[in-house]
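Novice: just coords:
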């Protein structure tokens, strides 16, 4: 494989100042592979990264952004035999340190050495260089092989899918025949709809404010949708669940409003998972959860092998990534991509 | 509703001596309903019941057999508002005592007062009268409403489906993207295939000895099948799982051979569930499980709401009961039904 | 046993109007026993019950209050052989309906038919008559035998102990060698301290505002105490846990302040259980839980056999009830008991 | 710290041929520390290692044996700040690869790359060099700091303690107030007795054939003991548990006899953990487990942080290592130590 010495890469130079510049192609260490990037997604997280920053980001001028990418293995580290040159792969973000209490317990997305490169932690596109470039290096434990029938573009969505799936897993992962309410029809929400259906939920209810997103949710499998601007979601979901409330509520939009809805929508004894970032403190009647025996699970990222699991299910057509891809740009046009995304009204 | 005072019922008079006779129609207590039976299945368990007996059976001459039935609610006990007259319902076997350690812990299929009617336990068709009759009474907590698109005949299969599903639940219930090996293509095995697929497994491998059953398994969703008379299942399943072995092995045929296969087929760190009755002691290399960190889960019956869950999924077409129904008889011809079933070569 | 026809009982006639009056001795049904009450505790819940009410209380003039009691079995229902006349027993509050989804799943403290007597639910001292009387009836599944070395007075504390223990169980129940922070040195908090130690926690940290309660906590096993009026609990607990934070945080005082502390005190990947009633909505930075992968478990009451478990441990001297008993009154003086309790500054 | 270039080490040259020879002192890599060994235990596993071998052992003439050791940190790898020179530490065996499915799931003792050094797996004293030497290197994730009040000798026992504790954890880890039967009074069994008590079990029953070991078990906390040569353990344990059977059975001696006992001793709905190696295939009535809803958990080694947890509890005096230490030798006399150990009648 002919690997050049330099490559094009989208580097963050200052807040909202991303430039495509020439950079050295990185070299994989013994446990890593070098990937020739074929596709890289932008999500809301990236907007935050370039505009306000996230913890432990590399310095301005160094940081190659992008955490949802897919490509072809072009070089393998000395100890790597799990993948070989030519393999089509996609990635998950978190590579834990492998030495802290959480990593040893399988909770690598909440590694206690988050951002500490010297101890082996990497979160590509967050604390280390990412995928808006021609090449990137990844530890083998962050890779998944892409099924033949899935395109590179679609494969980049598995980070989203893995997050949604992890949110269901965290609450037990067994939703066969259950009702699942998904609050918020963003990318995580729409994937949550698909995952819940793929795991056997027979009554997935999606709520939101934008009819076209709710409609898309329906196409992707939601049994019911509720536009909260027009219909009281609490009354409606009670009605749709025979008065009991939803067995599981997935909160993908982090506000006091959605949290309070979740507490009133969930069945007595049912579960809530928070999959959303909450920018502000929230106010809610948590006493309801105590009174009704509801646990509030939380997830960070896409742990427990959920990217692998998602990709397998995508290969079988049980979940789809394509409908979530709205635009497509060349790497050189990344600035335009950010402009378009920032203009989208997200959230509920 | 016009309810007669007597009814036809298939009563066990002696080993293998089932006669259809006239009996009083039973009366529901406060927490029970009276069901007009529309359909009742025979399974291998019934053959054992009439030929050798199971623990705590009612006396010969009294015992109305049949545990997988469906029908219409025709009378409701005083406290019942969960169901109303006219509802189409199907049943699960176990109604726990509600007062022992296991029932209070949600393990009602292993009620510590099994067979003790005075303490409120009932296992219709096993320790109390069942469904080969024109009417039967059931506690409300054993009922499920049948979706409109499901026939009474098909609905009787949910006991089987609930058992298979419970076997997956017991091992965690989260098989999204996993490989699941099902040993034995009997009714439980074929339902296990469907449940595993319905819960997101992407590589279900069914093993057995009868090509036509394996073929049926394939039609019902199995990704791969192995005829163990022609192919070594251990080598084949290792190959089908990239060398690792199956993430979950469901043993639906209880012999030393299948247990030993399970121990060699399962992935290091993977799980095994035993869903089969074992008539004899078994000999196997359990040390393999210790060495590989495999747990062996077991289930009895169809606990944890798995009949409800199965029925919901059946209503959505995610699992099918019809292909498992091989013959159909009138109640008066029950003797013939048993003769035919007893002649079938079951098991692997 | 000579059982009179009437008895003295403390009846709620109006808000804060409890009078000791003559009432018929109740009769046990088939699954119940009649208890001659020897001791009954008052807790903060009772103050709420007589002053503001709780859901589904019996009518004024009928309601015999009191939910933490102990006594001697003097009569047994027809089906009862688990207990015999003369047995010393104590009780837990919740007797589920045994027919709803939650009861069948072992979650009887969040029974979906809470307060519905016709469906068999009972919460003595809340929705049915309780123990401030000479006699009370209880379903067998709410009873525990008192070990010989435990007094009736002490045995009444197991409802509290069972609640604390359930709070730990809900978060996994495995705290061997872990650090556990208990926020609030009320009765639940002091019992939580003892339970955490009895389960192998090696670093129990109790926080509160009252030095004498913290001191009592230390005597009962707390390894460290923090008076939050004098010391910043977040900084202090970080220090006491080597910088990581507590593996488990038990919130026994329900305010925004304690919740916010919990979110900042808990270790990355650690757990929080809410054991407190929250009277008001709370405001807190739940985003911290999402970022750090912390689940928030909640409990209601004393489920999962935790009263039995507590009583066993009390019998072995692993947890103590006596130090939590502050005053003692005759039934006729119940009004005075409430006056004293209401004057106590509770909470943190 | 003055570190020599060579050291004394006990090397396996052929079956049962261990010689103390001169070897280079190993060098820690970036994530490792160098330990000056102060104490190293021999257990039954070591006898197997030198007499018959275990999978993936280093070549004869190279292999320094010993897996239970403690000592002082004398050098730290570049990235290590969790430990510093002078720290007293003890070790667990397994350092997973950190890249396979099991390691990422927290199951590092069943690493799928077991024995593959190139992928980062190490099992010191099994697949890599161990502790019968003056120095050894260890990855940071296998170390635990020794509490001040625990001697090096006693600290070497935490591998055993961690194994016993892991056996309880695997079955849920919540034994407060439960009955726990421990089959086999070997080192694992005696530690299991202590761990069960330390976690709140109120009825620990130890079975075996040697009175002096059972007596030691009693001193270490067993509530009851049964000499199976004199008393039928099944009948006796039923009696000791009010007829129900044990809530949890820990099998520490791997034979058909103990397995069959476990199946008959365990409570309906109770759990069994296999902590023993089984040298041969076993024959048992597994159908009992199916009928009674018993799961059979297995463990390999001392996962889930159980060595850390054990050491913490040892520091508090909740479990003791000293009573399990029977003999003491200098490194030069290791041959004599093996001779003595091999002569001991182990097992039940």
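Specialist: Happy to help now that I have it. Since this is a predicted model, take the numbers as computed values, not measurements. Residues are numbered from 1 along each chain as shown, chains lettered A, B, ... in the order given.
Novice: Show the end-to-end separation of stretch A:278-297, please.
Specialist: Terminal residues of stretch A:278-297 are spaced 14 Å apart (Cα to Cα, to the nearest Å).
Novice: secondary structure element for residue A:192?
Specialist: With secondary structure defined by DSSP states H and E, residue A:192 is part of helix A:187-198.
Novice: quick check: angle from the next helix or strand after that helix to helix A:187-198?
Specialist: The first helix or strand that comes after helix A:187-198 along the chain, using DSSP H and E, is strand A:203-208. Interaxial angle, strand A:203-208 versus helix A:187-198 (axes from the mean of the first three to the mean of the last three Cα atoms, to 10 degrees): 170 degrees.
Novice: list the buried ones in the next helix or strand along the chain from strand A:203-208?
Specialist: Downstream of strand A:203-208, the next assigned helix or strand under DSSP H and E is helix A:211-219. By 16 or more other Cβ atoms under 10 Å in any protein chain shown, the buried positions in helix A:211-219 come out as A:213, A:214, A:216, A:217, A:218. Heads up, the C-betas are built off the backbone N, CA and C, glycines and all.
Novice: Repeat that for stretch A:13-22.
Specialist: A:18, A:20.
Novice: Tell me the secondary structure at residue A:180.
Specialist: The three-state label given to residue A:180 by DSSP: H, G, I helix; E, B strand; the rest coil is strand.
Novice: wait, it sits on residue A:204?
Specialist: Yes: look at residue A:180 against residue A:204 with Cβ atoms under 8 Å: they come within range, at 5.1 Å.
Novice: So which elements touch the helix holding residue A:192?
Specialist: helix A:158-170, strand A:179-183, strand A:203-208, helix A:211-219, strand A:246-251, helix A:306-315 (3 or more Cβ pairs under 8 Å, 6 or more residues apart in numbering or on different chains; DSSP states H and E).
Novice: what sits in contact with each of residue A:180 and residue A:204?
Specialist: residue A:196 (Cβ atoms under 8 Å, 6 or more residues apart in numbering or on different chains).
Novice: Mind putting the helices and strands packed on helix A:187-198 into a markdown table with distance to residue C:237 and mean pLDDT?
Specialist: Shown next, in a markdown table, are the helices and strands packed on helix A:187-198 (distance: least, Cβ to Cβ, whole Å; pLDDT from 0 to 100):
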| stretch | distance to residue C:237 | mean pLDDT |
| --- | --- | --- |
| helix A:158-170 | 25 | 97 |
| strand A:179-183 | 33 | 98 |
| strand A:203-208 | 38 | 98 |
| helix A:211-219 | 43 | 97 |
| strand A:246-251 | 28 | 98 |
| helix A:306-315 | 32 | 97 |
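Novice: of all those, which lies closest to residue B:69?
Specialist: strand A:203-208 (26.3 Å; Cβ to Cβ).
Novice: Sheet partners, orientation included, of that closest one?
Specialist: Strand A:203-208 has the following sheet partners, assigned by DSSP bridges: strand A:179-183 (parallel), strand A:224-227 (parallel).
Novice: outside of the shortest one, which residues touch it?
Specialist: With contacts defined as Cβ under 8 Å, 6+ apart, strand A:224-227 is touched by A:203-211, A:214-215, A:217-218, A:233, A:236-237, A:240.
Novice: filter those residues to the buried ones?
Specialist: For the contacts of strand A:224-227, buried by 16+ other Cβ under 10 Å: A:203-210, A:214, A:217-218, A:233, A:236-237, A:240.
Novice: out of those, who's nearest chain C?
Specialist: When the buried ones among the contacts of strand A:224-227 are ranked by distance to chain C (Cβ to the nearest Cβ), residue A:203 comes first, at 14.1 Å.
Novice: Tell me the bridge partners for the closest one.
Specialist: For residue A:203, the beta-bridge partners under DSSP bridges are residue A:179.
Novice: Repeat that for residue A:124.
Specialist: Residues in a beta bridge with residue A:124, per DSSP bridges, are residue A:128.
Novice: Which one of the buried ones among the contacts of strand A:224-227 is nearest to residue B:71?
Specialist: residue A:203 (25.3 Å).
Novice: List the residues that contact the closest one.
Specialist: By Cβ under 8 Å, 6+ apart, the residues touching residue A:203 are A:178, A:179, A:180, A:223, A:224, A:240, A:241, B:312.
Novice: from the strands paired with strand A:203-208, which stretch is densest packed?
Specialist: strand A:179-183 (a mean of 31; mean count of other Cβ atoms under 10 Å in any protein chain shown).
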